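Trainee: whatever this is, show me its structure:
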Amino acid sequence: MIARKLRLLASVAALAGCGVFATPVIAQGGGIDRTVLPIPLPAFDGVIGRTVEESRGDGRASTPVEAPAGAPNILLILLDDAGYAQTSTFGGPIATPVLDQLAKNGLRYPRFQVDSMCSPTRAALLGGRNNHVMGMGQISNTPAPYPGYNAMLPPEAALVSETLRANGYSTALFGKWHLTPSRELTIAGPFDRWPTRQGFDHFWGFLAAEADQFNPQLTQDQSPTDFVKPVGRDDYTLTEGMADKTIAWIRSQQSVAPNKPFFIYFAPGATHEPQQAPKAWIDRFQGKFDMGWDRYREDALARQKALGIVPKNTKLSPRPPEIPAWASLSDKEKKVQARAMEVFAGMMAQTDYEIGRVIDAVRDTGQLDNTMIVFITGDNGASQEGGPTGASNTMAYINGVAESLDEQGARLAALGGPTTSPGYSAGWAWAGNTPFPWGKRIGSHLGSMMNGMVVSWPQRIKDPGGVRNQFAHVIDVAPTLLEAAKLPQPQMVNGVVQRPMDGKSLLGTFDDASAPAPRSTQYNEMLGNVAIYQDGWMASRRTGVLPWSHRGPNPSTALPAAPDWELYDLNTDFSQSRDLARANPRKLAELKALFDAEARKNQVYPLMPGGGGGGQAQAPEFRATYFGKTRLYAWPPLENRSYTLTASIDVPVGTSDGVIASAGAGAGGWSLYVKDGHVHYTYNYYEKRITTLRAADRLKPGMAIVGLRVEAQGAVPGGPATAILSIDGSEVAREILPETTRGKFSFEDTFDIGEDSGSPVADYSAPFAFPGRIEKVDLVVDPRG
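Mentor: As a prediction, this is how the structure comes out:
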């Protein structure tokens with residue numbers, strides 16, 4: 001063991017001498033070298049004789065590694081798809097009293113940047129390195145064969161969770177992960193890039209981009225788990241369940257290891273689509289947004305100035321022409337739009353409340369004083385993916401299935417509940433990003449990347465209520481956590497030499513409001529939209545693709561002509577409201593060259609403006625066999641192809657009702673199932689058209705072969721198909737499907753064998769598990785799309 005450690009340290013020392021590391025090898029914590037992880041067992045320092053009487057033991061090897069004395073607990077909170085001006089803490093109209101109280105007791109960081117989509121920010125947050133260095137140039141659903149975009153968390157960039165765990169912390173993640181490449185989202189792994197192999201002792205949450213609040217599909221550690229609602233609580237949501245699970249974990253951890261610090265990463269699905277909340281929360285905001293998004297921005301900016309988080313001379317960036325003025329909407333349109341924003345507000349307010357319950361649990365265990373709470377109000381700007389109108393069924397909208405104003409109006413009473421999967425319009429998201437332009441996906445402009453951060457640490461922060469105006473970036477959080485925990489950045493983890501973190505610690509700003517900013521330069525890139533910041537100047541260039549343009553990997557139309565580069569002096573123009581490109585071409589040229597240098601250094605090239613957008617994971621094979629009940633995030637691509645599914649089942653005596661196979665959810669999907677003894681196949685075309693085939697005869701007990709053949713007609717994506725149902729080789733039903741989905745039915749729902757684990761696709765109550773034995777299910781897909 002000593003020889004191994006010496007070899008590793010020699011490698012580190014050699015690399016340090018070549019300038020790979022900015023700092024030399026150091027040791028902290030009672031002589032323990034914490035730069036090489038895992039920390040090896042100490043060499044035996046006792047005496048071994050022939051008998052116990054002649055021997056002297058050394059029990060240090062059985063003593064677990066302890067964190068440095070006084071190391072704080074850490075609660076890291078990250079909201080999803082929320083904008084700069086949506087919480088009351090940063091000038092928004094939605095009361096967030098828990099976050100307000102944290103800011104009152106701690107510090108606000110109003111010049112804090114994240115990346116412009118989910119996975120990139122999460123990788124940079126936990127890795128302390130730029131998102132392309134982490135392989136997350138886009139979301140993990142859409143990897144590309146380039147180092148900056150392959151969605152493979154690199155072993156030379158260990159996450160802060162692994163460093164804390166290896167140094168004596170208890171670690172747990174509750175909520176959203178979204179850092180595993182599609183091909184690895186299987187029950188067989190590999191699990192290397194799942195939370196429990198990335199430093200988290202425990203994980204309870206969802207692996208995908210989003211989750212239904214009322215019917216989420218969840219994973220515990222490395223296995224699927226059910227979302228169990230308390231009896232009589234149909235309004236029980238995922239966010240409340242997350243809080244309950246986190247509170248239980250805290251109480252258990254403190255009961256067993258009260259002297260061991262914990263690291264909790266609490267990452268709710270809120271406020272990502274589907275935007276859902278209990279009706280009681282939504283109704284609190286009835287009538288609160290009738291003023292519309294234009295007035296919203298004016299009022300939010302006034303509050304931001306009063307709070308001292310934006311300069312007094314800040315002006316609103318102009319409304320993009322693609323977003324209609326509120327005054328131009330009809331009364332019916334205004335009613336629909338206002339209710340959608342009420343739903344969003346209810347979701348945000350409930351999330352703030354549930355986070356407060358978690359903080360109360362920390363307080364109740366006596367740990368709050370030495371708990372560092374880092375609350376980041378969004379992983380990107382508010383999402384404009386709902387387009388000009390928003391939708392009550394977001395997956396229908398993404399797949400080009402239009403929803404009329406009358407259809408939207410008919411669903412207002414149910415909007416945000418378990419029978420809808422809504423997303424508000426681009427106008428509300430634009431307002432939520434006040435005072436900045438654009439939003440999520442448009443990585444060239446501040447609306448996509450500016451979010452507030454609050455840090456509370458009662459034992460350490462002596463300027464409660466303070467504002468810190470240093471420019472900071474999400475990559476600065478991980479090194480801040482390590483310095484707070486009195487830990488060095490590791491130089492070798494699991495035998496792999498580490499790339500130094502790109503981020504710099506913000507700890508110095510806790511004590512000194514005038515401390516230097518951790519960085520003067522930072523690039524940003526998302527879907528080909530690019531920006532470069534240096535010393536208060538920012539150069540930006542959009543691709544011209546609108547944030548609600550869901551083009552997919554093979555767009556049928558050419559990209560629009562990219563607009564010219566823009567230039568902003570953020571020292572005098574906080575909101576990016578005045579383009580100075582023509583007035584200062586020399587500065588623009590300087591920043592363009594700087595972006596190129598940063599892009600080459602950080603694996604940003606090649607730019608892919610037509611990529612991204614999110615897609616359900618797919619297995620690369622066109623045939624598969626599944627044995628027994630299972631849930632799959634990855635399966636062969638069925639869309640716009642012909643395929644045959646053959647299920648060998650053992651029909652039990654008595655009831656045989658249940659699902660044989662299903663994919664999608666109540667918002668859209670298909671299901672092969674037995675109901676009232678008859679085999680059924682239902683194709684739910686985004687709730688617009690539901691086609692059901694039914695076998696005339698009931699299944700008899702014993703072995704049966706249930707077959708489904710779907711034959712795509714023509715070569716047009718989303719075109720018609722013929723569905724054929726058979727039993728024991730004989731056709732029993734046939735129907736034309738007038739339309740089929742041109743893309744994915746869902747970003748988060750699984751392909752299930754033996755049940756329907758999410759919201760029900762058809763007219764039954766999920767999970768509607770098949771009571772008999774499923775021997776196997778064969779799936780054969782025509783590779784010709």
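Trainee: any weak-confidence spans in this protein?
Mentor: Regions of the chain meeting the criterion pLDDT under 70 cover residues 1-30, 550-559, 610-620, 785.
Trainee: would you map the helices across it?
Mentor: Secondary structure of the chain by DSSP state H: the helices cover 2-17, 97-105, 118-127, 160-166, 238-256, 279-283, 292-307, 331-364, 394-398, 405-410, 426-432, 477-484, 507-511, 585-601.
Trainee: so residue 227 makes contact with residue 238?
Mentor: Yes - between residue 227 and residue 238 there is a contact under CB atoms under 8 Å: 7.0 Å. All C-beta spots, glycine's among them, are computed from the backbone N, C-alpha and C.
Trainee: so between those two, which is more surrounded?
Mentor: For residue 227 against residue 238, the residue with the higher neighbour count under other CB atoms under 10 Å is residue 238, and the figures read 24 against 19.
Trainee: list the contacts of the more buried one.
Mentor: In this structure, residue 238 makes contact with 206, 211-214, 216, 218, 227, 268-269, judged by CB atoms under 8 Å, 6 or more residues apart in numbering.
Trainee: give me that answer again for 7 Å
Mentor: 211, 213, 216, 227, 269 (CB atoms under 7 Å, 6 or more residues apart in numbering).
Trainee: contacts only, for the first one.
Mentor: Read it as residue 211. Contact criterion CB under 7 Å, 6+ apart gives 217, 238, 269, 748 as the residues in contact with residue 211.
Trainee: roughly how far does the closest residue to residue 35 other than its chain neighbours sit from residue 135?
Mentor: Excluding the flanking residues, the one nearest residue 35 by CB to CB, 6 or more residues apart in numbering is residue 491, at 4.6 Å. Plainly put, residue 491 is 21 Å away from residue 135 if you go by CB to CB, to the nearest Å.
Trainee: same question, residue 351
Mentor: For residue 351 relative to residue 135 (CB to CB), the value is 29 Å.
Trainee: burial count for the closest residue to residue 625 other than its chain neighbours?
Mentor: In space, and not counting its chain neighbours, residue 625 is closest to residue 778: 5.2 Å by CB to CB, 6+ apart. When counting by other CB under 10 Å, one arrives at 15 neighbours for residue 778.
Trainee: likewise the one 5 residues further on?
Mentor: The tally of other residues near residue 783 (other CB under 10 Å) stands at 11.
Trainee: ditto for residue 302
Mentor: 11.
Trainee: kindly report the same for residue 251.
Mentor: Under the criterion other CB under 10 Å, the count of neighbours that residue 251 has is 13.
Trainee: which residues does it contact?
Mentor: Residue 251 makes contact with 361, 365 under the criterion CB under 7 Å, 6+ apart.
Trainee: please apply the same query to residue 181.
Mentor: 140, 143, 151-152, 193.
Trainee: ranking these by neighbours, who comes first?
Mentor: Among these, residue 140 has the most neighbours (other CB under 10 Å), with 30 neighbours.
Trainee: what distance do you get for that one to residue 395?
Mentor: Plainly put, residue 140 is 19 Å away from residue 395 if you go by CB to CB.
Trainee: residue 240 now?
Mentor: Residue 240 sits at a distance of 24 Å from residue 395 (criterion: CB to CB).
Trainee: compare those two (neighbour count), which wins?
Mentor: Set residue 240 next to residue 395 and count neighbours by other CB under 10 Å: residue 395 wins out with 27 against 21.
Trainee: tell me the gap between stretch 566-583 and the middle of its chain.
Mentor: Computed by CA atoms, centre = their mean, to the nearest Å, the separation of stretch 566-583 from the middle of its chain amounts to 31 Å.
Trainee: would you mark the buried spots in it?
Mentor: If you call a residue buried by 16 or more other CB atoms under 10 Å, then stretch 566-583 has these buried ones: 566-570, 573-576, 580-581.
Trainee: same thing with stretch 362-371?
Mentor: 362, 365, 367-368, 370-371.
Trainee: now stretch 393-403
Mentor: Buried positions in stretch 393-403, judged by neighbour count with 16+ other CB under 10 Å: 393-399, 401, 403.
Trainee: that stretch: end-to-end distance?
Mentor: 8 Å (CA to CA, to the nearest Å).
Trainee: circling back: just give me the closest of the contacts of residue 238 to residue 346.
Mentor: The shortest separation between residue 346 and any of those is 10.8 Å, and it belongs to residue 213 (by CB to CB).
Trainee: list the contacts for that closest one?
Mentor: For residue 213, the set of contacting residues under the criterion of CB under 7 Å, 6+ apart consists of 237-239, 269, 274, 276-277.
Trainee: residue 50: which of the helices of the chain is closest?
Mentor: helix 2-17 (24.8 Å).
Trainee: please state the offset of the biggest strand by length in the chain from the chain centre?
Mentor: Secondary structure of the chain read by DSSP state E shows that its longest strand is strand 702-712. When distances are taken as CA atoms, centre = their mean, strand 702-712 is centred 37 Å away from the chain's centroid.
Trainee: that older thread, quick one: which of the contacts of residue 211 has the most company?
Mentor: Neighbour count (other CB under 10 Å) singles out residue 269 as the most crowded of the contacts of residue 211, with 31 neighbours.
Trainee: contacts only, for residue 722.
Mentor: 711, 713, 734, 736.
Trainee: burial measure for the residue nearest to the second one when sequence neighbours are not counted, as a count.
Mentor: The shortest distance from residue 713 to any residue that is not its chain neighbour, by CB to CB, 6+ apart, is 4.7 Å, and that residue is residue 720. As a burial measure, residue 720 scores 14 neighbours (other CB under 10 Å).
Trainee: and residue 720, what does it touch?
Mentor: When contacts are counted by CB under 7 Å, 6+ apart, residue 720 touches 713, 736-740.
Trainee: nearest to residue 533, of the buried residues of stretch 566-583?
Mentor: Out of the buried residues of stretch 566-583, the one with the shortest distance to residue 533 is residue 570. That distance is 7.6 Å, counting by CB to CB.
Trainee: which residues does the nearest residue to that closest one once chain neighbours are set aside contact?
Mentor: Closest residue to residue 570 in three dimensions, ignoring its sequence neighbours and counting by CB to CB, 6+ apart: residue 536, at 5.0 Å. Taking CB under 7 Å, 6+ apart as the definition of contact, the neighbours of residue 536 are 569-571.
Trainee: just the residues you listed: which are in strands?
Mentor: Judged by DSSP E, these include residue 569 as members of strands.
Trainee: can you put the contacts of residue 536 in JSON lines and add distance to residue 630?
Mentor: Below are these laid out as JSON lines (distance: CB to CB, whole Å):
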{"residue": "569", "distance to residue 630": "56"}
{"residue": "570", "distance to residue 630": "51"}
{"residue": "571", "distance to residue 630": "57"}
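Trainee: re earlier: going by distance to residue 171, which of the contacts of residue 181 wins?
Mentor: Closest to residue 171 out of these is residue 193 (16.0 Å), distances taken as CB to CB.
Trainee: what are the phi and psi values for the closest one?
Mentor: Residue 193 has phi and psi values of phi -110, psi 30 when expressed as degrees, to the nearest 10.
Trainee: roughly how far apart are residue 267 and residue 584?
Mentor: Counting by CB to CB, the separation of residue 267 from residue 584 is 40 Å.
Trainee: more crowded one of these two?
Mentor: Of the pair residue 267 and residue 584, residue 267 is the one with more neighbours under other CB under 10 Å, namely 24 against 14.
Trainee: ok, the more buried one - contacts?
Mentor: Contact analysis of residue 267 by CB under 7 Å, 6+ apart lists 78, 175-176.
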